[in-house]
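Enquirer: let me see the structure of the following:
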Amino acid sequence: MKWTNCGNARGGMTLVEVVAGLALLATLMASLLAVKTRVVHQAGLTERRAQAVAAADQLLSEWWRNPKTFPRASAGMLPSGFGWRTRIVNNSPEVGGQVVRLEMFDGPDIAPTVAVELLLPTWSQ
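Expert: Predicted coordinates for the structure are as follows:
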């Protein structure tokens, strides 16, 4: 029996099919890399924000030991690299105290990483 090559039989893929498959694979890989980069970036921001919260908690614990000396309009830097600033927030007299905002910064001239507002009693003014 003699084997003959029929016109409709295929022995492999064409070059166009290989190039199209590689293009599809490259698009998929680029998409996965973009997603991974975004996830890693978000994880870094979340970790830094958690560090800022811990630093703010430590500052507030120290300051709350003597509320009469609580800094109401001050700023400074911590050894961890965070900057902090306190300021009095405008509030109504019905509040019964003074609202002070503590902001933690990850660097100069940027938005606060963490901010918390405290109500200090009037006796501590």
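Enquirer: please name the nearest non-neighbouring residue to Met77.
Expert: Distances taken as Cβ to Cβ, 6 or more residues apart in numbering place Gly83 nearest to Met77, at 5.1 Å, with adjacent residues excluded. Placement of C-beta: from N, CA and C, glycine included.
Enquirer: and Val95, how many residues sit next to it?
Expert: The number of residues packed near Val95 is 11, by other Cβ atoms under 10 Å.
Enquirer: so what's it up against?
Expert: Leu119 (Cβ atoms under 8 Å, 6 or more residues apart in numbering).
Enquirer: if I look at it, what pLDDT would I see?
Expert: What the model reports as pLDDT for Val95 is 73.
Enquirer: so where do the helices sit in the chain?
Expert: Taking DSSP state H as the test, the helices found in the chain are 15-64.
Enquirer: end to end, how far does stretch 79-95 reach?
Expert: 35 Å (Cα to Cα, to the nearest Å).
Enquirer: tell me the bridge partners for the residue nearest to Met77.
Expert: With DSSP bridges as the criterion, Gly83 is bridged to Met77, Phe105.
Enquirer: okay, it and Gly107: tell me how far apart.
Expert: 7 Å (Cβ to Cβ, to the nearest Å).
Enquirer: these two: which is more packed in?
Expert: Gly83 (17 against 9).
Enquirer: wait, what's in contact with the more buried one?
Expert: Shown in contact with Gly83 (Cβ under 8 Å, 6+ apart): 75-77, 104-108.
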